[in-house]
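1. Predicted coordinates and the sequence they were generated for:
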Amino acid sequence: MNAFHFKGKTVLITGASMGIGEAFARELSRRGATLVLVARGEEKLAALASELGKAHVIAADLTAPGAAQRVFDAVRAKGLDVDVLVNNAGFGVHGAFDGLALATQREQIDLNVGALVELTHLFMPMVERRQGGVIQVASMAAFQPIPYFAVYAATKAFVLSFSEALWAEYRPRGVRVLALCPGATETPFFQRSGEVPGTSKRARPEDVVRLGLAAFVAGRASVLHGAGNNFSTFLLRFFSREFTVKTLARLLKPQAPELPGAARRAA
Ligand code: NAP
């Protein structure tokens, strides 16, 4: 694979207004990329864009039908060609499957899977023409089913599987596809998910992003952040899936009574 650097490239980042997406924006801006920042919160995106310079803003709710196409059209209307797509926007909600609103479960699938596949399909021809690539933000949750995070973990398993398949399809065509799998990372993610037992030790988003960019440049198919995360994922192969999932169910069972809220099922 050819050498790759981000200077002078155009990178579209979804979920760029905070957390890992914001860290991508800051690091790629430092490396001389032009950015296209996408999320729902237009004000935050605009403030970040004016701070970083060389950045465009497209405000979009990616769970809305047709949103990916509208983002693609907005990119074309700005006369931009995207070299690298970073599908980072995503969320998860911790709780019993029957305690979470169906709409929230569906929204996780629409954002983490639906929008990611649509954006990848729309931007791939452009990315291929420019010999760039796609970074899909999956998760350590991709490697095993996770009780009380069931839909979220399943969406991330999809992202990992999908990305590795595309990596093999597109490699001979000079296009990079990477699944970046963070473990618990210090971002506002947990404000939306609720507290998740066992995730109090969190990585810095900047470190996750730097690892992801290095793996992308190296042409890897996937990368998991953190030595401890790599070790525990390695250990999975010595246990049955039933044993692992039963153990995780014990560890992750919500302790406190569920808080009422839009994400929770109405009592
Ligand atoms: P975060 O801090 O909550 O940021 C999520 C980003 O996605 C925000 O910019 C948010 O902006 C945007 N977003 C949310 N819903 C959206 C929608 N409907 N349409 C468009 N944009 C939307 O979360 P994060 O931790 O940075 O997570 C980034 C990615 O890493 C996610 O895919 C997550 O699953 C993955 N991940 C995170 C962790 C972790 O521990 N933090 C671990 C593993 C994997 P708006 O609210 O303004 O739209």
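-> Perfect, I can see it now.
2. mind checking pLDDT for residue 219?
-> Predicted confidence (pLDDT) for residue 219: 98.
3. my read: it touches residue 2, true?
-> No - contact criterion Cβ atoms under 8 Å: residue 219 and residue 2 do not qualify, at 9.3 Å. The way it works is simple: take the backbone N, C-alpha and C, and place the C-beta from them, glycine included.
4. Those two - which one has more neighbours?
-> Using other Cβ atoms under 10 Å as the criterion, residue 219 and residue 2 rank with residue 219 on top: 17 against 7.
5. end to end, how far does stretch 109-119 reach?
-> 14 Å (Cα to Cα, to the nearest Å).
6. same question for it, mean pLDDT?
-> Stretch 109-119 comes out at a mean pLDDT of 98.
7. and that stretch, does that touch the ligand?
-> Yes - using Cβ under 6 Å from any ligand atom, stretch 109-119 reaches the ligand at residue 111.
8. how far does that stretch sit from the chain's center?
-> Its chain's C-alpha centre and that of stretch 109-119 lie 10 Å apart, by Cα atoms, centre = their mean, to the nearest Å.
9. What is the host helix or strand of residue 127 packed up against?
-> Using DSSP states H and E, residue 127 sits within helix 116-129. Helices and strands touching helix 116-129, by 3 or more Cβ pairs under 8 Å, 6 or more residues apart in numbering; DSSP states H and E, are helix 67-77, strand 84-87, strand 133-137, helix 150-170.
10. list the helices and strands the following helix or strand past the shortest one packs on?
-> As assigned by DSSP H and E, the chain's next helix or strand after strand 84-87 is helix 102-109. Identification of packing neighbours for helix 102-109 by 3+ Cβ pairs under 8 Å, 6+ apart yields helix 150-170.
11. what's the angle from the helix it packs on to strand 133-137?
-> Per axes from the mean of the first three to the mean of the last three Cα atoms, to 10 degrees, the angle that helix 150-170 makes with strand 133-137 is 160 degrees.
12. Many thanks, have a good one.
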